[in-house]
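> Need a 3D model of the sequence below.
(one chain, ligands or ions: 4)
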Amino acid sequence: MNKIFGILLCALCCLLCVWPTAGNGQSVEKVTEATPESNPAPAPPGKLLLAIHYEALCPDSMYFIRRRLYDAMQNNSWWPVTDLKLYPFGKASFYNNTSKGEVEVFCQHGAEECELNAVHACIIESFDVRRAFNLVFCMLRSYSNELDNCARSMRLDVSKVRECKSSRKTADILSPYGRKTLELGLSFVPSIVFENDFDPYGQRSIRQNFEKHFCKQYLKKFNITLPTCGALL
Ligand SMILES: *[C@@H]1O[C@H](CO)[C@@H](O)[C@H](O)[C@H]1NC(C)=O
Ligand SMILES: *[C@@H]1O[C@H](CO)[C@@H](O)[C@H](O)[C@H]1NC(C)=O
Ligand SMILES: *[C@@H]1O[C@H](CO)[C@@H](O)[C@H](O)[C@H]1NC(C)=O
Ligand SMILES: *[C@@H]1O[C@H](CO)[C@@H](O)[C@H](O)[C@H]1NC(C)=O
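Residues are numbered from 1 along each chain as shown. Ligands and ions are numbered 1, 2, ... in the order given. As a prediction, this is how the structure comes out:
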């Protein structure tokens, strides 16, 4: 009995594994080439541009990313409809250290935060956004550098991150993120920006009702109410 069931299950499993890869990929392409109107491939969902300006050692940033943003992305399955950008810079600033003749960076929570922000930046450079976000999420559980622990628990090879961090100056690594964040002149960290349209006075509401704002912004851009948005709008 068990054996037969096992074989059946295995057959089903094999079918499931093989089916989409072997079957669909090519035939869909052929069909759309030949008769594009009769069988159009479904359009990929549009992505809402979402920028998070945060700091590695800022409790409000940690709370927002770990307790609000992560849940919102997971629980609503919003990854396919989000173009997420992370900016680990916050209220930092660049200055010219004239005794060295070099541009350096000054961070709200001290030099340690600059170093950690730079680790985050290297993570963002080294992985696709979803993996980078998961690693950043893991890093933000503590005020110390969790890169090794997170890499181990996530079974990720972070050698590129280490190489990025050790081979370049902190100010250099943070430069592109700083440029984007400094443009905003933000007064609170984290700051959340939809579609490059910064609303400085709406930040508190966006932080506290993030999902509602996401839904509204998505509707505004695409005229689509996302599946889990109905009750929020
Ligand atoms: C997301 O789902 C988890 C697990 O089901 C739940 O604990 C959490 O409260 C949910 N978060 C939100 C914001 O709905
Ligand atoms: C400028 O660089 C020097 C030499 O490394 C260092 O001792 C000093 O603390 C730096 N100044 C500031 C304001 O960070
Ligand atoms: C920094 O200061 C030094 C010494 O005053 C100067 O030579 C250099 O041009 C400055 N660099 C920048 C980027 O402002
Ligand atoms: C938005 O979508 C609704 C139906 O979902 C449609 O009736 C309406 O005309 C659309 N508005 C615009 C501006 O496209």
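
> residue contacts, residue 144?
Neighbouring residues of residue 144 by CB atoms under 8 Å, 6 or more residues apart in numbering: there are none. In this view, the C-beta of every residue, glycine as well, is placed from N, C-alpha and C.

> Go over the secondary structure and confirm it is in a strand.
No. Assessed with DSSP: H, G, I helix; E, B strand; the rest coil, residue 144 is coil; it does not lie in a strand.

> residue contacts, residue 156?
With contact set as CB under 8 Å, 6+ apart, residue 156 has these partners: 127, 131, 135, 150.

> mind listing what the one residue in the chain that gets nearest to ligand 2 touches?
Using CB to the nearest ligand atom, the closest approach of the chain to ligand 2 is made by residue 97 at 3.7 Å. Counting by CB under 8 Å, 6+ apart, residue 97 touches 103-104.

> phi, psi of it?
With angles defined as degrees, to the nearest 10, residue 97 sits at phi -80, psi 100.

> Near the nearest residue to residue 158 once chain neighbours are set aside, how many other residues are there?
The shortest distance from residue 158 to any non-neighbouring residue, by CB to CB, 6 or more residues apart in numbering, is to residue 151 (4.3 Å). Look at residue 151: counted by other CB atoms under 10 Å, it has 18 neighbours.

> Walking through the chain, point out its strands one by one.
For the chain, the strands defined by DSSP state E cover 48-54, 82-88, 93-97, 102-106, 191-194.

> got the ones you listed as a markdown table, with distance to residue 170 and mean pLDDT columns?
Shown next, in a markdown table, are these (distance: least, CB to CB, whole Å; pLDDT from 0 to 100):
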| stretch | distance to residue 170 | mean pLDDT |
| --- | --- | --- |
| strand 48-54 | 17 | 98 |
| strand 82-88 | 11 | 98 |
| strand 93-97 | 11 | 97 |
| strand 102-106 | 6 | 97 |
| strand 191-194 | 22 | 98 |
